[in-house]
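Trainee: predicted model and sequence follow; I will ask about them next.
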Amino acid sequence: MMSFILVLMVLEPLIGAAAVMLRRGDDLRGTRMMALTSTLVSLVCAVIVAVAFEPGSADAQMVTRKAWLSPAGIEFHIGIDGISLWLVVLTALLSVTAVLVSWEAVRERAQGFYALLLVLETGMLGVFTSMDIVLFYIFFEFTLIPLFFLIGIWGGTERRLAARKFFIYTLTGSVLTLIGLIYVVTVSPAHARAAGLPAVFTFSIPELTHIFRLAPLSSEQQIWVFLGLMAGFAIKVPLFPFHTWLPLAHVEAPTAGSVILAGVLLKIGTYGFLRFSLALLPAASQYFLGLVGVLAVIGIIYGALVALAQDDIKKLVAYSSVSHLGFCVLGLFALNVTGISGGLLQMVNHGLSTGALFALVGMLYERYHTREIRSLGGLARNMPVLAFFFILITLSSIGLPGLNGFVGEFLVLVGMFEVSKPLASFAAVGIVLGAFYMLWLVQRIFFGPLREPHHEGNPVGDLCPREIAALAPIAVACLWIGLFPNFFLSRMEPAVREVSRQWQSPRATATAIPFEEIVKID
């Protein structure tokens, strides 16, 4: 029964997209309600899955495994474990928010917009639940198409440039990722034989993980496969210096696109690192720890410094994503339970806080048709509810104790401190800078003398019930994670511990080679 719920959760938005496209084009309200109903059904399914999830197991649960392309051994194989559980719930929650924040903002070609949004939700849920490596890659690439059209059709003035840049960057990197994944599958029978297992081709991610844990790839193989996987995942995160497509995509995307892009799609890159690079390539992950750690710290500080210089609220939040995602990557490459748990939790935290910030920026833009910081001031007087949510989410984003951001950042720093004190220390500087630019933003927009740009029509009002409904669940989640983090961490820990167990085994690191030897590999 629970496996059926998981399948329904993944496929229901796709069914909803078809239903939206079959409605009359002039029935805007019906189209909105159909899209909202579809996302709510998926959210209910995700909540049921989370409640039914057994916290003590590292294995995939609620598994559905059916033959799909039988001659090749490719299966429709989905399930959920502690690594993917909260990312699935996050995806379902933010999809509801994305529909609600688009309610009045999208009126032209609304059928196409909501259908693409629902198709995108299926793609994201498919990525996090896929247990077949080909199915994962199909969903991984599938997410590019709807977001490309969402940005290119409903985006800002430079939407076509932003859509092209986003598509070319991510597609180019993912081709190299595909080569790496194909290589892993190709050599798996030989390694299965060496491990005393049946020597057959398998595309099952759990089975591949088991095989290469018993009979790892050589260090040379791991390094080249790691670089191939990193090409796609680092661009998707995006990790510095592969981040240049992100600010433009965020600024030009419609509000719903920014919410989904920041809240969920960027996590596909960090999820890929954890699911494949760390799980299948322990020696290479340890070997590249220093390089990836340095790039993550550079991204943390660089993103914060560039955010300080922004005059556009949306661009500021976009660069803050570069900084915060550096924390996620840094935690994962601490290669210990504390750091990986912190990085995984911070992926969820960033999705909640930054997704909500983009929603709030969109709400401000609907009222004033500007995102210029110097054009706004003292708005807390006229819009206390909006100011309340903005300040709460800001405090969550900067890691105030008692809110979700603190737990994730603390675990990341503790985990990395065990590995590299300099990297942890420099990352802590990013926290200080993040607090500075976010609090300075709040001060300029919501406090001081009232300053509003010229606008036509009725006086600007505070948040309506629909907008409150879009933000309130996110605010509750930020408080819940901050006050009761063990509820979330306990469900992650078995799967995280299973991944980190590799670095406690001599087998994982015995064949590691020095960097200068890479050029000698045949």
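Mentor: That came in fine, so what should we check first?
Trainee: okay, now the unreliable bits of the chain?
Mentor: For the chain, applying pLDDT under 70 flags the ranges 1, 25, 71-72, 454-459, 503-522.
Trainee: and the longest strand along it, what's buried?
Mentor: Taking DSSP state E as the criterion, the chain has its longest strand at strand 61-69. In terms of neighbour count (16 or more other Cβ atoms under 10 Å), strand 61-69 has its buried residues at 61, 62, 63, 64. From N, CA and C alone the C-beta is placed, and that goes for glycine too.
Trainee: is it correct that the second one is in contact with residue 84?
Mentor: No - taking Cβ atoms under 8 Å as the definition, residue 62 is not a contact partner of residue 84, at 11.0 Å.
Trainee: please, where are all the strands along the stretch 1-150 of the chain?
Mentor: Counting by DSSP state E, counting those that start in this stretch, the stretch 1-150 of the chain has strands at residues 61-69, 74-80.
Trainee: show me which helix runs longest in the protein.
Mentor: Longest helix of the chain, by residue count under DSSP state H: helix 159-194.
Trainee: that one to strand 74-80, inter-axis angle?
Mentor: 100 degrees (axes from the mean of the first three to the mean of the last three Cα atoms, to 10 degrees).
Trainee: and helix 159-194, which residues are buried?
Mentor: Quick answer for helix 159-194 (16+ other Cβ under 10 Å): 159, 162-163, 165-167, 169-170, 173-174, 176-181, 183-185, 187-189, 191-192.
Trainee: beyond it, next helix or strand please.
Mentor: Next along the chain after helix 159-194, taking DSSP states H and E as the criterion, comes helix 205-214.
Trainee: dump the following helix or strand past that next one to CSV, restricted to CA.
Mentor: Next helix or strand after helix 205-214 toward the C-terminus (DSSP H and E): helix 219-236. Only the C-alpha atoms of helix 219-236 are listed here, as CSV (Å, rounded to 0.1, in the frame of the first residue of the first chain):
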residue,chain,number,x,y,z
SER,A,219,41.9,4.8,-7.5
GLU,A,220,42.6,5.7,-11.1
GLN,A,221,39.1,4.6,-12.1
GLN,A,222,37.5,6.4,-9.2
ILE,A,223,39.3,9.7,-9.9
TRP,A,224,38.2,9.8,-13.6
VAL,A,225,34.6,8.8,-12.8
PHE,A,226,34.5,11.3,-10.0
LEU,A,227,35.5,14.1,-12.3
GLY,A,228,32.8,13.1,-14.8
LEU,A,229,30.1,13.0,-12.1
MET,A,230,31.4,16.3,-10.7
ALA,A,231,31.0,18.0,-14.1
GLY,A,232,27.3,17.7,-13.9
PHE,A,233,26.7,17.9,-10.2
ALA,A,234,28.9,20.9,-9.6
ILE,A,235,27.2,22.9,-12.3
LYS,A,236,23.8,21.9,-10.9
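Trainee: and the next helix or strand past helix 219-236?
Mentor: helix 245-252.
Trainee: next, count neighbours for the residue nearest to residue 138 when sequence neighbours are not counted.
Mentor: Spatial nearest neighbour of residue 138, excluding adjacent residues (Cβ to Cβ, 6 or more residues apart in numbering): residue 126 at 7.7 Å. The local packing of residue 126 (other Cβ atoms under 10 Å) involves 21 other residues.
Trainee: burial measure for residue 196, as a count.
Mentor: Neighbourhood size, residue 196 [other Cβ under 10 Å]: 9.
Trainee: residue 343 against residue 336, yeah?
Mentor: No - between residue 343 and residue 336 there is no contact under Cβ under 8 Å: 10.6 Å.
Trainee: neighbour count winner among these two?
Mentor: residue 343 (28 against 19).
Trainee: which parts of the strand or helix carrying that one are buried?
Mentor: Assigned by DSSP H and E, residue 343 belongs to helix 337-368. Within helix 337-368, the residues scored as buried using 16+ other Cβ under 10 Å are 337-364, 367-368.
Trainee: buried sites along stretch 418-428?
Mentor: 419, 420, 423, 424, 426, 427, 428.
Trainee: residue 118: which of those residues is nearest?
Mentor: Nearest to residue 118 among those: residue 427, at 37.3 Å, using Cβ to Cβ.
Trainee: give me the residues contacting stretch 279-296.
Mentor: 184, 208-209, 212, 216-217, 219, 222-223, 225-226, 229-230, 234, 239-241, 277-278, 326-327, 329-330, 333, 335, 416, 419-420, 423, 427, 499, 502-503, 508-513, 515 (Cβ atoms under 8 Å, 6 or more residues apart in numbering).
Trainee: tell me the buried residues within these.
Mentor: Looks like the contacts of stretch 279-296 have 184, 208-209, 212, 216-217, 219, 222-223, 225-226, 229-230, 234, 239-240, 277-278, 326-327, 329-330, 333, 335, 416, 419-420, 423, 427, 499, 502-503, 508-509, 513 buried, using 16+ other Cβ under 10 Å.
Trainee: and the helices in the stretch 351-500 of the chain, which stretches?
Mentor: Remark: helices assigned in the stretch 351-500 of the chain by DSSP state H, counting those that start in this stretch are 384-397, 404-417, 421-446, 465-483, 485-500.
Trainee: what's the fourth one packed up against?
Mentor: When you say that, I think you mean helix 465-483. helix 85-101, helix 337-368, helix 384-397, helix 404-417 (3 or more Cβ pairs under 8 Å, 6 or more residues apart in numbering; DSSP states H and E).
Trainee: contacts only, for residue 400.
Mentor: Residues in contact with residue 400 (Cβ under 8 Å, 6+ apart) are residue 406.
Trainee: can you check residue 437 too?
Mentor: Counted by Cβ under 8 Å, 6+ apart, residue 437 has contacts 304, 307, 308, 316, 320.
Trainee: without its sequence neighbours, what residue ends up closest to residue 82?
Mentor: residue 495 (3.5 Å).
Trainee: next up, the contacts around that neighbour.
Mentor: If you count contacts by Cβ under 8 Å, 6+ apart, then residue 495 has 58, 81, 82, 83 around it.
Trainee: equivalent analysis for residue 350, please.
Mentor: 262, 263, 266, 267, 321, 324, 325, 327, 328, 408.
Trainee: so who does the last one touch?
Mentor: Read that as residue 408. Contacts of residue 408 (Cβ under 8 Å, 6+ apart): 327, 331, 342, 343, 345, 346, 348, 349, 350, 399.
Trainee: where's residue 37 relative to residue 239, distance?
Mentor: 37 Å (Cβ to Cβ, to the nearest Å).
Trainee: let's see which of the contacts of residue 437 end up in strands.
Mentor: Among those, no member falls in strands (DSSP E).
Trainee: name the member of those residues with the most neighbours.
Mentor: residue 320 (27 neighbours).
Trainee: so what's that one closest to, chain neighbours aside?
Mentor: In space, residue 320 is closest to residue 307, 5.0 Å off (Cβ to Cβ, 6+ apart).
Trainee: picking up where we left off before, buried subset of the contacts of residue 495 as a PyMOL selection?
Mentor: Typed into PyMOL, the line below selects the buried ones among the contacts of residue 495, using 16+ other Cβ under 10 Å:
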select buried, resi 81+82+83
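Trainee: touching, residue 129 and residue 83? I think so.
Mentor: No - applying Cβ under 8 Å, one finds residue 129 not in contact with residue 83, separated by 11.0 Å.
Trainee: which residues are in contact with the residue nearest to residue 169 when sequence neighbours are not counted?
Mentor: Nearest residue to residue 169, sequence neighbours excluded (Cβ to Cβ, 6+ apart): residue 245, at 4.4 Å. The contact partners of residue 245, taken as Cβ under 8 Å, 6+ apart, are 162, 165, 166, 169, 170, 235, 238.
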